[in-house]
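[1] need a 3D model of the sequence below.
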Amino acid sequence: MGKILRERIVTELAKRYEDTKHCVFVDFSGLDVEMICQLRKQTRKQGIEFFVVKNSMLKLAMEKVGLPTKDELFVRPTAMLTGGEDPVAVCRLIVDWQKKTKTTGIKGGLLERKLLTRSEVIALSKLPSREVLLSQTLALFLAPLRTFATLLNNTLVQFANLLHNHAEKLEKEG
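    Below is the predicted model of the structure:
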């Protein structure tokens with residue numbers, strides 16, 4: 001491959017991944033064409049991009065945009081999964097795929113411009129989805145308000161009952 005072509009590919013990769021917030025690096029050796037096609041179909045369904053790039057070019061592109069790199073990420077054939085709004089979905093997809101096929105090796109990943117180890121990617125895959133986390137957070141914020149509203153309501157109910165009982169007492173007395 002000519003030097004100009006390599007530089008152009010690195011520049012295109014750098015432009016493409018300048019704003020990358022998350023990705024997972026995978027060793028795809030041991031996968032046959034059919035398995036890779038199945039993985040690509042699954043990633044496409046979830047809006048995740050799966051692509052294979054020469055290690056040296058990927059490393060140069062990442063360095064060009066200021067993303068951290070580690071040499072052990074770029075040993076053996078590397079595929080990169082990125083895209084979608086939810087980094088947990090990317091991690092979960094590849095971890096589930098690895099469990100199912102017992103072939104794909106997770107090398108690591110990137111999250112908010114920070115390198116992740118293999119174990120961190122697996123831990124991230126065990127988190128609930130973004131929507132679930134948002135709803136849980138919202139529930140935590142609303143819990144004190146709900147408690148306060150319940151207390152106010154109970155006070156008003158007790159006061160209404162007190163007035164009702166007092167009115168009944170007055171009616172009985174005449």
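[2] show me what counts as buried in stretch 101-120.
    Residues 104, 106, 107, 108, 109, 110, 111, 116, 120 are the ones in stretch 101-120 that count as buried (16 or more other Cβ atoms under 10 Å). Backbone N, C-alpha and C define where each C-beta goes, glycine included.
[3] return the member of these nearest to residue 67.
    Set against residue 67, the nearest of those by Cβ to Cβ is residue 110 (6.4 Å).
[4] ok, now which ones touch the closest one?
    20, 22, 23, 67, 68, 116 (Cβ atoms under 8 Å, 6 or more residues apart in numbering).
[5] dihedrals phi and psi, it?
    Note on residue 110: its backbone torsions stand at phi -130, psi 140 [degrees, to the nearest 10].
[6] how far away is it from residue 38?
    25 Å (Cβ to Cβ, to the nearest Å).
[7] what's the answer for residue 153, then?
    Taking Cβ to Cβ, one finds residue 153 at 55 Å from residue 38.
[8] how far is the helix or strand harbouring residue 94 from where the chain is centred?
    Residue 94 is part of helix 87-101 when elements are defined by DSSP states H and E. Remark: helix 87-101 is offset 11 Å from the chain centroid, using Cα atoms, centre = their mean, to the nearest Å.
[9] do the same with stretch 32-47
    Distance, centroid of stretch 32-47 to centroid of chain: 19 Å (Cα atoms, centre = their mean).
[10] the helix or strand where residue 119 lies packs against which elements?
    Following DSSP H and E, one finds residue 119 within helix 118-125. If contacts are counted by 3 or more Cβ pairs under 8 Å, 6 or more residues apart in numbering; DSSP states H and E, helix 118-125 sits against helix 87-101, strand 105-111.
[11] alright, I will stop here.
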